[in-house]
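Chemist: this is a predicted model, with the sequence first.
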Amino acid sequence: MHIAVAGNIGSGKTTLTRLLAKHYGWTPNYEDVDDNPYLNDFYEDMQRWSFNLQIYFLNSRFNQVVDIRRSGKDVIQDRTIYEDAHIFAPNLHDMSLMSTRDFNNYKSLFMLMTSLIQPPDLLIYLRGSISTLVGQIQKRGREYEKNIRIDYLQRLNERYEAWIEGYKEGQMLIVDVDNLNFSERPEDLRYVINKIDALIHGLF
């Protein structure tokens, strides 16, 4: 079984992935952030490094999905291959931070890759307001995220909502995180687990 957690920067994907992996005994598969050689450069000069960053993520996530399916294990994944192609890359293109030539090249590669893999059995989308996202980003204090602009987060949120509205790849659970705190309130985690249990029992 392949479960994936999707959501904007600061929505709590990594935290929920870790907690659900522990609860269910699933194998966690985290986003490659600490070892990403482009992130710091990207936030310093988005136009110069946007294509490099998106290709790195595309390659990384494609390999993750291939490994997940080959493993035969129950895996929960922090962020999906779809988010880059439907949210981050087109947003960079619209902001003139990625050229049309690079964007079309990226899209072509994405279409090829996704034709060779299966989507997750269950997608968990974490929906959060800008104030919630900013609070979470500030709380974790990652150096390379200090320069993220509010309008950038807002654009991403709008694209996430459009993507989720048209998501037809498989089963989906939407979780509003504005009033939830998974790591500090057990009842909030239990609320999400109960919803997942209901969906999983319907799936398998």
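Modeler: Received it, and whenever you're ready, just let me know what you need. Numbering: from 1, shown residues only.
Chemist: where along the protein do the helices fall?
Modeler: 13-24, 39-44, 46-71, 81-83, 89-94, 100-114, 130-140, 150-165, 186-203 (DSSP state H).
Chemist: pick the most buried one from the ones you listed.
Modeler: Scoring the helices of the chain by mean neighbour count under mean count of other Cβ atoms under 10 Å gives helix 81-83 as the most buried, with a mean of 22. To be clear about C-beta, it is placed using only N, CA and C from the backbone, and glycine gets the same treatment.
Chemist: helices or strands next to it in the packing?
Modeler: Contacts defined by 3 or more Cβ pairs under 8 Å, 6 or more residues apart in numbering; DSSP states H and E place helix 81-83 against helix 46-71, helix 100-114, helix 150-165.
Chemist: now do the contacts for the nearest residue to Arg61 once chain neighbours are set aside.
Modeler: In space, not counting the residues next to it along the chain, Arg61 is nearest to Ile81; the distance is 4.0 Å by Cβ to Cβ, 6 or more residues apart in numbering. Applying Cβ atoms under 8 Å, 6 or more residues apart in numbering, one finds that Ile81 lies in contact with 58, 61-62, 64-65, 110, 113-114, 117.
Chemist: ok, now with 7 Å
Modeler: Under the criterion of Cβ atoms under 7 Å, 6 or more residues apart in numbering, the contact partners of Ile81 comprise 58, 61-62, 65, 114.
Chemist: and the gap between the most centrally placed residue in the chain and Ala85?
Modeler: Averaging the C-alpha coordinates of the chain gives a centre point, and the residue nearest to it by Cα atoms, centre = their mean is Arg79 (2.7 Å). Here the criterion is Cβ to Cβ, to the nearest Å. By it, Arg79 lies 12 Å from Ala85.
Chemist: what of Leu112?
Modeler: Summarising the geometry, the distance separating Leu112 from Ala85, computed by Cβ to Cβ, is 11 Å.
Chemist: again, but for Ile148
Modeler: Distance, Ile148 to Ala85, using Cβ to Cβ: 20 Å.
Chemist: compare these two (neighbour count), which wins?
Modeler: When Ile148 and Ala85 are compared for neighbours, Ala85 comes out ahead with 22 against 17, by other Cβ atoms under 10 Å.
Chemist: and the residue nearest to Arg61, what pLDDT?
Modeler: In the prediction, the pLDDT value recorded for Ile81 is 93.
Chemist: ditto for Ser108
Modeler: Ser108 is assigned a predicted lDDT (pLDDT) of 97.
Chemist: what bits of the protein have low per-residue confidence?
Modeler: For the chain, the stretches with pLDDT under 70 are 32-34, 141, 143-147, 202-204.
Chemist: re earlier: can you pick out the most distant pair from the contacts of Ile81?
Modeler: Spatial extent of the contacts of Ile81 (Cβ to Cβ) is set by the pair Leu58 and Val65 at 11.0 Å.
Chemist: how much space between the closest residue to Phe110 other than its chain neighbours and Phe42?
Modeler: Spatial nearest neighbour of Phe110, chain neighbours left out: Ala85 (4.3 Å); criterion: Cβ to Cβ, 6+ apart. Distance of Ala85 to Phe42, given as Cβ to Cβ: 17 Å.
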